[in-house]
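1. predicted model follows, preceded by the sequence.
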Amino acid sequence: MAGKGADACVWGAAIAASAVFIAIEGVILSTLAVAQDTPVVLDTIVVEGERIGRTVGETPAGVRVLEAAEVDTPVNTDLRNAIEDIPNVVYEEGPYLPSVRGIDGTAGVEGGTSLTSGAQPRVPIIVDGVSLPVPQGATAATTGVWDVERVEVARGPQATTSGRNAIGGAIRVFTRDPVFEKGAAARIGYFNQDGTLTGAFMVNAPLIDNQVAFRLASEGYLGENFVEFRNPAQLDLADEFADQSFLRLRPKLLIEPEAAPGLSVLLSVDYQDLKTNFDPNAIDRGQDSLVLSIGTAPLETRQITYSGEISYEVSDRLEIEQQFSYLNLDLEIPPTAINFDLDQETTRFVSDTVLRFRNVGIVDRGFIGYAYERQNEDIVDTGQIASMVDGQIVNHGLFGEVEIGVLEDLTLLLGGRLEFDTRERSIEVPILAFEGSDETDEIAFLPKVGLRYAVRDNLRVGYTYSEGFRAGGVDFNLFAGPPFFVPGPPAVTFESERLRQHEVFARGTALDGRLNFGMSGFYYRFSDAQTLGGDPSAPFLIGNVPKARGFGAEIEAGYEILPGLSVSAGVGVLDTRITDGGASGFQGQDLPRAPNVTASGRIAYVSDRGFDVAADIRYVGSQLYRLGGVEIDEYAVVDLSAGYEHKVGPVDLRIDAFVKNVADTSYVTRDFDGGLFVNAQSVGRPRTFGIAGTIRF
């Protein structure tokens with residue numbers, strides 16, 4: 001729990017950040033006279049996930065948009081690497097979801113709590129419109145970044161645009177669609193922690209000129225966990241714990257028939273096979289080779305998603321879009337030290353229909369939509385704690401948003417989501433002679449309202465109020481019998497949680513477009529937060545903490561010093577507090593995974609001769625991993641990268657090299673503090689060297 005020193009730190013950082021923002025604003029206002037005719041760079045990038053056609057400069061949410069050149073690089077071995085430097089976003093090693101503005105995306109979905117409660121993530125990862133499942137706390141698809149067009153990281157409630165549960169934010173990934181030109185690419189790489197080989201390829205071909213095109217992308221890796229397994233009681237599982245592999249295949253077919261102008265059909269399949277570990281946990285970080293903890297379990301997932309998107313531009317003012325997807329996920333946890341032998345199958349069908357419109361009456365632009373989702377889970381554990389679980393979620397959502405021009409430079413934003421959520425869950429534990437079931441039905445309305453004012457063509461400010469919601473449910477005490485005998489009732493019902501957020505923002509450019517910046521300040525109230533130990537009579541089940549609050553800010557800026565030479569920086573300050581802990585005993589504590597300060601900086605140079613170099617630094621302040629736990633120390637990590645690109649006729653050749661964690665900093669990302677089974681820590685990746693070659697033609 002942060003004390004007075006931490007409070008002083010966050011307030012000092014807030015004052016410093018405010019001073020920086022005022023200084024930037026002063027520069028902007030002083031240069032407006034020469035920048036009046038300068039194109040607004042931020043207005044060239046549309047935030048696709050907002051579904052209304054807004055640009056980065058117009059969006060009221062704290063959104064970071066990363067284009068392909070920033071994402072699809074060998075330095076980013078996965079999605080986590082691409083977004084870990086974003087202010088007020090904490091995304092560590094391991095297959096868990098990020099925490100955004102102090103809202104833990106994985107909360108209540110870790111390990112056994114996912115098995116027993118079926119809780120859903122607060123910060124979904126959405127790939128091409130499909131939200132990834134999170135079975136047993138693990139992101140089922142370790143999302144790679146090969147052939148990715150862009151990534152959008154939206155902070156704050158995203159119910160209107162990203163569906164249910166998106167309380168803390170949403171990570172939206174858009175992969176490249178087929179184009180009507182021939183093309184191909186391939187990449188091979190290696191990094192030494194621990195002996196990992198990576199590979200990827202892409203082929204694109206038009207099948208019928210300007211009407212049908214096909215694209216196939218694939219990526220994968222094969223290696224070992226950077227934490228060595230040395231538990232003498234289970235040496236036979238050493239290979240199971242160490243081995244890691246990933247394979248992804250993604251074919252896409254685009255159809256735009258000449259006979260039906262304005263019609264576009266995109267069909268795709270996404271197959272993924274992943275073998276990984278819950279956490280890079282270490283009992284003793286002082287040894288040369290880190291020792292894997294007893295309580296960690298390997299897992300294997302195989303996921304296939306069939307999806308389609310049909311859009312039809314009826315006129316300049318009206319467009320209809322229909323998305324649908326069917327997902328099937330199989331997860332296996334083999335027998336391990338924590339006595340699981342588990343198989344889980346998850347199926348999900350989603351249909352999402354949106355009608356977009358422009359210049360209709362007083363409305364400048366907007367959309368309305370309807371979403372239907374049905375998810376089923378079937379879990380069988382034949383290990384020492386034999387159990388069978390069935391779960392079902394059915395969700396209907398009516399949503400929409402409009403922009404209304406009140407005055408020439410003032411725009412009113414109105415939106416919301418009406419949600420109908422039904423869920424059922426049953427569990428049978430023969431060793432305890434226990435059977436339980438529960439069904440919940442909830443209706444929630446989540447409003448969104450705001451104002452945006454164009455101070456100048458290259459400076460916009462505004463305010464929004466929005467809400468997020470996650471449905472309640474039931475959690476069962478799977479460990480009440482042998483060998484654990486965890487105290488508590490056999491089942492606990494937990495209530496739905498809601499977050500209400502106020503946010504102010506400013507976005508702009510100056511100095512002939514060479515300086516761009518974004519700033520957001522926010523305050524939220526978090527009611528009935530679902531957390532382990534919320535009910536003290538069941539410390540290892542999900543309960544509710546009555547009231548919490550958080551406030552903070554993010555400031556991000558980028559500046560082109562000279563042609564090819566640029567710097568960028570971002571800082572996030574955050575203060576969270578449980579203001580009413582109820583019977584939990586968590587009164588006055590910070591929210592978990594909510595560091596007071598996160599910051600990053602980058603300096604990069606791109607030569608006109610094909611060379612480029614970059615240095616990055618990332619800082620994460622001290623934080624709690626879980627309520628009632630110990631505080632994790634702050635840490636800072638420095639990365640270096642360099643590349644050379646050469647073109648020979650139609651062929652582009654590129655070599656990349658990188659060093660992550662240059663100083664070989666030893667740092668902790670999670671501390672289980674005894675937890676339920678072990679006293680172990682999750683650790684960050686040590687110094688890692690990598691090299692890769694890419695060819696495109």
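-> Happy to help now that I have it. Residues are numbered from 1 along each chain as shown.
2. what are the ranges of the helices in the stretch 351-500 of the chain?
-> Here the stretch 351-500 of the chain has no helices by DSSP state H, counting those that start in this stretch.
3. got it, and the stretch 151-300 of the chain?
-> Using DSSP H, counting those that start in this stretch, helices in the stretch 151-300 of the chain cover 159-162, 238-242.
4. strands of the stretch 101-250 of the chain, residue ranges please.
-> Taking DSSP state E, counting those that start in this stretch as the test, the strands found in the stretch 101-250 of the chain are 103-104, 125-127, 130-131, 148-155, 169-175, 183-191, 196-208, 212-224, 243-255.
5. got these as CSV, with mean pLDDT and distance to S568 columns?
-> Glycine gets a C-beta too; all of them are placed from N, C-alpha and C. Output for the strands of the stretch 101-250 of the chain, formatted as CSV (pLDDT from 0 to 100; distance: least, CB to CB, whole Å):
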stretch, mean pLDDT, distance to S568
strand 103-104, 92, 25
strand 125-127, 91, 24
strand 130-131, 89, 30
strand 148-155, 94, 15
strand 169-175, 94, 20
strand 183-191, 96, 25
strand 196-208, 96, 27
strand 212-224, 94, 27
strand 243-255, 93, 30
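6. and L511, which of the ones you listed is closest to it?
-> strand 148-155 (25.2 Å; CB to CB).
7. in that closest one, what's buried?
-> Under the neighbour-count criterion of 16 or more other CB atoms under 10 Å, strand 148-155 has V148, R150, V151, E152, V153, A154, R155 buried.
8. quick revisit: which stretch among the strands of the stretch 101-250 of the chain comes nearest V394?
-> Of the strands of the stretch 101-250 of the chain, nearest to V394 by CB to CB is strand 130-131, at 15.2 Å.
9. who does that closest one pair up with?
-> According to DSSP bridges, strand 130-131 forms sheet pairs with strand 125-127 (antiparallel).
10. any idea which of the strands of the stretch 101-250 of the chain is most buried?
-> Most buried of these, by mean neighbour count (mean count of other CB atoms under 10 Å): strand 103-104, with a mean of 29.
11. what residues does it touch?
-> For strand 103-104, contacts defined as CB atoms under 8 Å, 6 or more residues apart in numbering pick out R122, V123, I167, G168, G169, L499, F526, G550, L591, P592, R593, A594.
12. of the strands of the stretch 101-250 of the chain, which is nearest V474?
-> Nearest to V474, of those and by CB to CB, is strand 103-104 at 20.5 Å.
13. now the closest one, how far from the centre of its chain.
-> 11 Å (CA atoms, centre = their mean, to the nearest Å).
14. and it, which strands flank it?
-> Here, using DSSP bridges, strand 103-104 pairs with strand 99-100 (antiparallel).
15. what average pLDDT does the partner strand get?
-> On average, the pLDDT along strand 99-100 is 94.
16. now stretch 671-682
-> The pLDDT scores in stretch 671-682 average 61.
17. now do the same end-to-end measure for that stretch.
-> Distance across stretch 671-682, first residue to last, is 6 Å (CA to CA, to the nearest Å).
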